[in-house]
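> this one's structure only:
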């Protein structure tokens, strides 16, 4: 096992064994220090700037901005084809087992049934 993988494995093991009241402040501080503090406003090529920021953002930042963006977009901001492209990108990122589990919860009328 290479050194980076060993360190990451040890860290995950420690986090899993550590009480939340000890681990969470440490993880929170690390994420705060490694945050990019959001995208920088652009007046040039916004798409290029967004790709650059996303390439250096932490996973927490990416999830947070993505969720907030989806919420703000709503059903009317994007056209139907743009929303379909986003859905295809999200779907493609799911493992096959999760796709099957999701489809098993959609009834014949296309309604999603919540877990019992």
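Done, it's in. Please read all numbers here as calculations on a predicted model, not as lab measurements. Residues are numbered from 1 along each chain as shown.

> residue ranges of the helices in this structure, please?
Under the criterion DSSP state H, the chain contains helices at 3-17, 20-34, 46-56, 59-77, 80-92, 96-104.

> closest one to residue 110 among those?
Closest approach to residue 110 among those is made by helix 96-104 (10.9 Å; C-beta to C-beta). For every residue, glycine as well, the C-beta is placed using N, CA and C.

> pLDDT of the closest one, averaged?
Average pLDDT, helix 96-104: 91.

> neighbouring contacts of it?
91, 94 (C-beta atoms under 8 Å, 6 or more residues apart in numbering).

> please renumber so the chain begins at 815
All set: I'll call the first residue 815, so the last point we hit is now helix 910-918.

> next, the angle from that helix to helix 894-906.
130 degrees (axes from the mean of the first three to the mean of the last three C-alpha atoms, to 10 degrees).

> where's residue 869 relative to residue 882, distance?
19 Å (C-beta to C-beta, to the nearest Å).

> swap in residue 821?
32 Å.

> by contact count, what packs against the worst-scoring helix or strand of the chain on mean pLDDT?
When each helix and strand of the chain is scored by mean pLDDT, DSSP states H and E, helix 834-848 comes last, with a mean of 76. Applying 3 or more C-beta pairs under 8 Å, 6 or more residues apart in numbering; DSSP states H and E, one finds that helix 834-848 contacts helix 817-831.

> name the residues of the helix it packs on that come out as buried.
Neighbour counts over helix 817-831 (16 or more other C-beta atoms under 10 Å) mark no residue as buried.
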